[in-house]
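Colleague: Need coordinates for the below:
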Amino acid sequence: MEIALIVLAVLVVIFVFIYNSLVQARNRVDNSWAQIDVQLKRRYDLVPNLVETVKGYAAHERETFERVTQARSAAQSATGPAEQAQAENFLTQALRQLFAVAEAYPELRASENFQNLQNELAETENRIALSRQIYNDTVLTYNNRVQQIPTNIVASMTGFRTREFFEAGPEAVEAPTVDF
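Modeller: Residues are numbered from 1 along each chain as shown. This is a model prediction of the structure:
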């Protein structure tokens, strides 16, 4: 009886240890996603200013402005890493088109406001890339714990599920070109 209690106590301690390590890993994933979210919101805040600046010089490029605005809205309403990645890729493409329009206007490229927005966007794109890398590394670690023995037993008993990676498409591997 005594041995059975000792074995049970050891199993409970192991269970608690594994459970707590899974909670810690899940919280790291959530925190990493929150860091991506901060950078994406910063990007979304820059887009309207950028559109308005370009619009002042190239008002007849309405279709491009609408595409950027729609892409921004879609990205803001996306949920989950897979949908978010797809929306971000669409926004990156739309921003590339906006910068292509801006290339035709030397006065716009020389504008201090436009240059500042370019620099902020480039910095934000770099932060997003770094945050994506950290998130994906964190998800990899978490998913490994959820899938490996013996933690997979505790994970399945307590509702832990693998998480999606935030994968950039080929369009988002490189930030939009913003230096003129």
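Colleague: what's the longest helix in this structure?
Modeller: For the chain, the helix with the greatest residue count under DSSP state H is helix 2-57.
Colleague: in the helix or strand following that one, what's buried?
Modeller: The helix or strand immediately downstream of helix 2-57 is helix 62-77, counting by DSSP states H and E. Buried residues in helix 62-77, counted by 16 or more other CB atoms under 10 Å: 64-65, 67-68, 71-72, 74-75. C-beta: built from backbone N, CA, C; applies to glycine.
Colleague: Can you name the element that comes right after helix 62-77?
Modeller: helix 80-102.
Colleague: mind exporting the following helix or strand past that following helix as PDB, just the C-alpha atoms?
Modeller: Using DSSP H and E, the next helix or strand after helix 80-102 towards the C-terminus is helix 106-110. Extracted C-alpha coordinates of helix 106-110, given in PDB (Å, rounded to 0.1, in the frame of the first residue of the first chain):
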ATOM      1  CA  PRO A 106       9.900  62.600 -58.100                       C
ATOM      2  CA  GLU A 107       8.400  65.400 -56.000                       C
ATOM      3  CA  LEU A 108       6.600  62.700 -53.900                       C
ATOM      4  CA  ARG A 109       9.800  60.700 -53.400                       C
ATOM      5  CA  ALA A 110      11.600  63.800 -52.300                       C
END
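Colleague: what's helix 106-110 in contact with?
Modeller: 53-54, 56-58, 102-103, 114-115, 180 (CB atoms under 8 Å, 6 or more residues apart in numbering).
Colleague: what about 10 Å?
Modeller: Contacts to helix 106-110, defined as CB atoms under 10 Å, 6 or more residues apart in numbering, come from residues 53-54, 56-58, 99, 101-103, 114-115, 118, 179-180.
Colleague: Selection in PyMOL covering whichever of the residues you listed are buried, please.
Modeller: What follows is the PyMOL syntax selecting those of these that are buried according to 16+ other CB under 10 Å:
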select buried, resi 53+54+57+58+99+101+102+114+115+118
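Colleague: Check the contacts of helix 106-110 and tell me the two furthest apart.
Modeller: Spatially, the most separated pair among the contacts of helix 106-110 is Gly56 and Asp179, at 20.4 Å (CB to CB).
Colleague: on that earlier part again, ok, of the buried residues of helix 62-77, which one's closest to Asp137?
Modeller: Ala75 (22.8 Å).
Colleague: count of residues packed around the closest residue to the closest one other than its chain neighbours?
Modeller: Leaving aside its sequence neighbours, Ala75 sits nearest to Ala87 (CB to CB, 6 or more residues apart in numbering; 4.0 Å). Applying other CB atoms under 10 Å, we find 20 residues neighbouring Ala87.
Colleague: Ala87 and Asp37: what is the separation?
Modeller: Ala87 is 13 Å from Asp37, where distance means CB to CB, to the nearest Å.
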